[in-house]
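In: sequence and computational prediction follow.
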Amino acid sequence: MYSHSAALLESLGDLKTWNGAYEEGSVYLENALQFHHSVKCAKGIASIQYKQAALLYHQYSFKESLKLSSSSLEGFRNLDHEVGVANASFWVGSGFLRQGKYADAMAYLKDALGVFQRHKDNISVVRCLGRMAEIHRSQSHYEEAVTMGQEAMRLAIRWGDRMGEADAKRVLGGIYFDQGDIAKAAKHVSGGLEIACQIGWQAESINGFYQLGDIETQRGEYEVAERSYGQSLTLAEKCGVRLDLAQALMRLVDHILEQEGLIEEREAVKKRRNVQHRISSLNAGAAWAASDLARLLKHRGKTKRALFWFKAAITEHRTLQNMAALSECLYDSATILAEMGQNDEAALYFEASLIIEGELETSLETSLSQKGLGFMPMTWMTWERPWWMEMEGSRLEPVRESPIMFCDVRSAVRRVPQLTTPNLKLRICP
């Protein structure tokens, strides 16, 4: 009974991880680990640990991934389990790659590759070759990187490994991009992304859309690049991954400003970045870059796209507790929503900004959010019916149709707490 339960939880964890549902996958794997600990199953514990390492790697938590994969490796070595050692070694090598320890990374991956080849584990062979190609790329050894990447792609196609083919094409695309061969880069990244989307591999699609955005930026296709970065970010949020788009978005903003000859705006962005660099944590770059792009799009009249990037900035600033910047982005989003006539959501954003301004002890006399609320028309919200009230024969009283006022614009006092609209992603406490 124990073995069946643990195996089922482990399989569910694998499935959720592959599908990009990392939080759910983590829960299943942790429960399976507890089962193995309860009966002191060393092999089961080591197996779960390298799978948890893989999950953390996909979430860009490379330090934690390396720690778990190293523990798994030690467990499999104690058991003298050759294939287990190889599986753990793959993730140890991957962790060292992200730390820039290329010699160590290559050594672990070569050991793993030898085991996988002896056991004819074709999928793992392709995966190892792809990761080794990434190591060569990171060291600018492009000839070796291309050779290894092409071998991974050839074997994946030969063995019908669609995941391996998608990953190998993306890796090759990145190598060609570094070499300046944009046409080849676009062909391979697009091919890998198409496969990833077909098979529903969301983790790979995140990276694919990101790389495609870099290629499109290089081509001068800035609106298309913005869309690709947006798709990458949307998938990352869905999977619970914090994607660092800082450098990509800053390059995009710079290119657009240069293309349109917006000299004053370029200087303003440059000054703002200098200030932000001094006052912010190193992790805040993506938030500032997203808000810069949003303001540029708003300036160009692209309000819906601007709203998307303001919301991305809000998510980042909220996570990092950059309260002044968060209030500013909420206000900017509210003005766009008000211009679009979405007054219920605009009021919530104005009010959220106002609450933060109060916490920061900003004077209400100078508050832009207070003024924004004051200029809005009377705002109403109707309650939606639960689905079961629409069923035929329901004996429950229907929800009244009359709208309910939820915000007094004169004093900005909330009357009904914890309101949401279908498009609102921000939780606001009363």
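Out: Thanks, I have it. Numbering: from 1, shown residues only.

In: which strand or helix spans the closest residue to Gln117 other than its chain neighbours?
Out: Among residues not flanking Gln117 along the chain, Val125 sits closest, at 5.8 Å (Cβ to Cβ, 6 or more residues apart in numbering). The C-beta positions use only the backbone N, C-alpha and C, and glycine is treated the same way. Using DSSP states H and E, Val125 sits within helix 122-138.

In: pull the distance from stretch 188-196 to the chain's centre.
Out: Computed by Cα atoms, centre = their mean, to the nearest Å, the chain-centroid distance of stretch 188-196 equals 18 Å.

In: pretty sure the residue nearest to Gln117 is in contact with His119, am I right?
Out: No. Using Cβ atoms under 8 Å, Val125 makes no contact with His119, being 9.4 Å away.

In: which of those two has more neighbours?
Out: Per other Cβ atoms under 10 Å, whichever of Val125 and His119 has more neighbours is Val125, with 24 against 13.

In: and the gap between the more buried one and Ala183?
Out: 29 Å (Cβ to Cβ, to the nearest Å).

In: go on, Ser38?
Out: Ser38 sits 56 Å away from Ala183, going by Cβ to Cβ.

In: likewise for Phe76?
Out: With distances taken as Cβ to Cβ, Phe76 is found 44 Å from Ala183.

In: contacts made by stretch 193-204 with the rest, please.
Out: Residues from elsewhere that reach stretch 193-204, judged by Cβ atoms under 8 Å, 6 or more residues apart in numbering: 18-20, 58, 162-163, 165-167, 169-170, 192, 205, 208-209, 212, 235, 238-239.

In: just the ones in strands from those, please.
Out: The strands in this structure, assigned by DSSP state E, contain none of the contacts of stretch 193-204.

In: any chance of a ChimeraX selection covering the buried ones in these?
Out: The buried residues among the contacts of stretch 193-204 can be selected in ChimeraX (16 or more other Cβ atoms under 10 Å) with this line:
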select :18,20,58,163,165,166,167,169,170,192,205,208,209,212,235,239
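
In: returning to that earlier point: more neighbours, Phe76 and Ala183?
Out: Remark: of Phe76 and Ala183, Phe76 carries more neighbours, 24 against 10, as counted by other Cβ under 10 Å.

In: which residue is the nearest non-sequential neighbour of that one?
Out: Closest residue to Phe76 apart from its sequence neighbours, by Cβ to Cβ, 6+ apart: Gly84 at 3.5 Å.

In: look up how far Val39 lies from the one you found.
Out: Look at Gly84 and Val39: by Cβ to Cβ, they are 18 Å apart.

In: more neighbours, those two?
Out: Ranked by neighbour count (other Cβ under 10 Å), Gly84 and Val39 place Gly84 first, with 20 against 11.
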